[in-house]
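**Q** coords below, sequence missing:
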DNA sequence: AGTGTTTGTAGACTGCGGTCTATCAATATA
DNA sequence: TATATTGATAGACCGCAGTCTACAAACACT
């Protein structure tokens, strides 16, 4: 499974990857996804354009990698804290994600866009980004159902889709993705008023 | 408010717009959004490239217009049929939309993508495409609430977001957008199991 | 007819993403 | 030291979206 180099060869510049990713994030924040050119990134990182393409296939790949590196920290799965209700845990988890999205929202939207006309990239994006978060929410909802915070008969996977769909919808539509949204989502998922 | 031409001038070719839109839809179906070039469309429509840019600003604008023309028919608001439950009405409405999406899903995904890095286009897309459907669903849900099919305390706007978010999420993720999804969504919205 | 205005056509041009090639630099192995 | 291999660099190159220019064509008004 591990990559096998046939023999020697010139080793990759150890600093290049980091420099490129930093340059990417910097320019991304300054100018936004659409206006950042590969040439500019290469230039900022003091590297040839081809060096960049040696490591990533497309602009989207690179940006995904750069964003993912810094975003990885935020995506820590919430450990089950028995002192808190699952509802509160989910609320906090969403708020945490949303807060980060309001920082990197624009580039992430650009990534979603890139995922639409590139099958390979969509797979990577789903695997690295979407699925893990989906699982965290689903697990949390299951715990809530086991503890009786959510009725037995409810469709957890559909609720999970509701949660994710709601913030994707807001994100893509350009609507605010903030604490209020998090509270509204969680409130409606956990406490649908009775008939 | 009405556009005022100062004087005469050569009139626009009456057939051009239609020919361009038809060519767009044809090539779109044959090759998909990414592979369709403006040049190819102009060629297929027997028109100069510039003529096309005289009428639409970008490729996305043109495609939106072309798709919207044929999709307009599908988006007829469901009139309130007192013989049917609102639940059934919503179910049928969604099925109708989903069936259409499975035809034009790919180009529409491309439009969503295009909307991400173009503010002006996003506004048009929201106004022409998103908002009308959002309103139809919201109205329907309100009727359901008035008739008692949905509990008074529930947040209609959030439910509407759930509905739309769910199918956007499925659409963008490449998951099937079919009758089953429609039923699951509607079922969970109308009949959350009681605690 | 003559003038002004708008559209259509053809083609050059710009900018960017991405590919490809030739050449040089840095490593391992013999 | 010689060879093979891999990475880095610079620059040419392609395709496409979108712009711009020059000119011809079709209208209204005088």
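**A** Nice, thanks for sending it over. Small disclaimer: the values here were computed from a predicted structure and weren't measured.
**Q** and residue A:27, how many neighbours does it have?
**A** 19 (other CB atoms under 10 Å in any protein chain shown). Glycine gets a C-beta too; all of them are placed from N, C-alpha and C.
**Q** Would you mind pulling the contact partners of the helix or strand hosting it?
**A** Residue A:27 belongs to helix A:16-31 when assigned by DSSP states H and E. Helix A:16-31 has contacts (CB atoms under 8 Å, 6 or more residues apart in numbering or on different chains) with A:36, A:40-42, A:44-47, A:51-52, A:55, A:62-63, A:65-67, A:69-70, A:107.
**Q** List the buried residues for that helix?
**A** For helix A:16-31, the neighbour count (16 or more other CB atoms under 10 Å in any protein chain shown) marks A:16-17, A:19-21, A:23-25, A:27-28 as buried.
**Q** which SSE is residue A:163 in?
**A** Here residue A:163 is assigned to helix A:156-173, by DSSP H and E.
**Q** The following helix or strand past that helix near chain B anywhere?
**A** Counting by DSSP H and E, the next helix or strand C-terminal to helix A:156-173 is helix A:179-190. Yes - contact of helix A:179-190 with chain B (CB under 8 Å from any CB of the partner chain) involves A:184-185, A:187-188.
**Q** Mind listing what's buried along helix A:179-190?
**A** A:181-182, A:185-186, A:188-190.
**Q** Including distance to residue B:176 and pLDDT, could those residues go into a markdown table?
**A** Shown next, in a markdown table, are those (distance: CB to CB, whole Å; pLDDT from 0 to 100):
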| residue | distance to residue B:176 | pLDDT |
| --- | --- | --- |
| A:181 | 27 | 97 |
| A:182 | 28 | 97 |
| A:185 | 24 | 97 |
| A:186 | 27 | 97 |
| A:188 | 25 | 96 |
| A:189 | 23 | 96 |
| A:190 | 28 | 94 |
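**Q** closest to residue A:90 among those residues?
**A** Of all the buried residues of helix A:179-190, residue A:186 has the smallest distance to residue A:90: 5.3 Å, by CB to CB.
**Q** Chain neighbours aside, what residue packs nearest to the closest one?
**A** Of all residues not flanking residue A:186 in the chain, residue A:91 sits nearest, at 4.6 Å (CB to CB, 6 or more residues apart in numbering or on different chains).
**Q** Now residue A:118. Its backbone dihedrals?
**A** Residue A:118 adopts backbone torsions of phi -150, psi 100, taken as degrees, to the nearest 10.
**Q** and chain A, which residues reach DNA strand C?
**A** With CB under 7 Å from any atom of the strand as the criterion, chain A comes near DNA strand C at residues A:7-11, A:36-39, A:49-50, A:53, A:57-60.
**Q** any idea which of these is least confident?
**A** Lowest pLDDT within these is found at residue A:7 (72).
**Q** what's near enough to touch that one?
**A** Counting by CB under 8 Å, 6+ apart, residue A:7 has no contacts.
**Q** one step back: check which helices and strands the helix holding residue A:163 is in contact with.
**A** Helices and strands touching helix A:156-173, by 3 or more CB pairs under 8 Å, 6 or more residues apart in numbering or on different chains; DSSP states H and E, are helix A:86-116, helix A:131-146, helix A:179-190, helix B:86-116, helix B:156-173, helix B:179-190.
**Q** Can you tell me which of those is most buried?
**A** helix B:156-173 (a mean of 22; mean count of other CB atoms under 10 Å in any protein chain shown).
**Q** For residue A:185, give its distance to residue A:128.
**A** From residue A:185 across to residue A:128, the span is 23 Å (CB to CB, to the nearest Å).
**Q** With residue A:24 instead?
**A** Look at residue A:24 and residue A:128: by CB to CB, they are 16 Å apart.
**Q** same deal with residue A:164?
**A** Applying CB to CB to residue A:164 and residue A:128 gives a distance of 15 Å.
**Q** Residue A:12 too?
**A** Distance check for residue A:12 against residue A:128: by CB to CB, it reads 22 Å.
**Q** If you count surrounding residues, which of the two has more?
**A** The neighbour comparison of residue A:12 against residue A:128 (other CB under 10 Å) goes to residue A:128, with 14 against 11.
**Q** Now the residue nearest the centre of chain A: closest residue in space, sequence neighbours ignored.
**A** Nearest to the mean C-alpha position of chain A, by CA atoms, centre = their mean, lies residue A:129 at 4.4 Å. Leaving aside its sequence neighbours, residue A:129 sits nearest to residue A:68 (CB to CB, 6+ apart; 6.9 Å).
**Q** Could you do residue A:164 as well?
**A** residue B:169 (5.5 Å).
**Q** where's that neighbour relative to residue B:112, distance?
**A** Remark: distance between residue B:169 and residue B:112 (CB to CB) = 12 Å.
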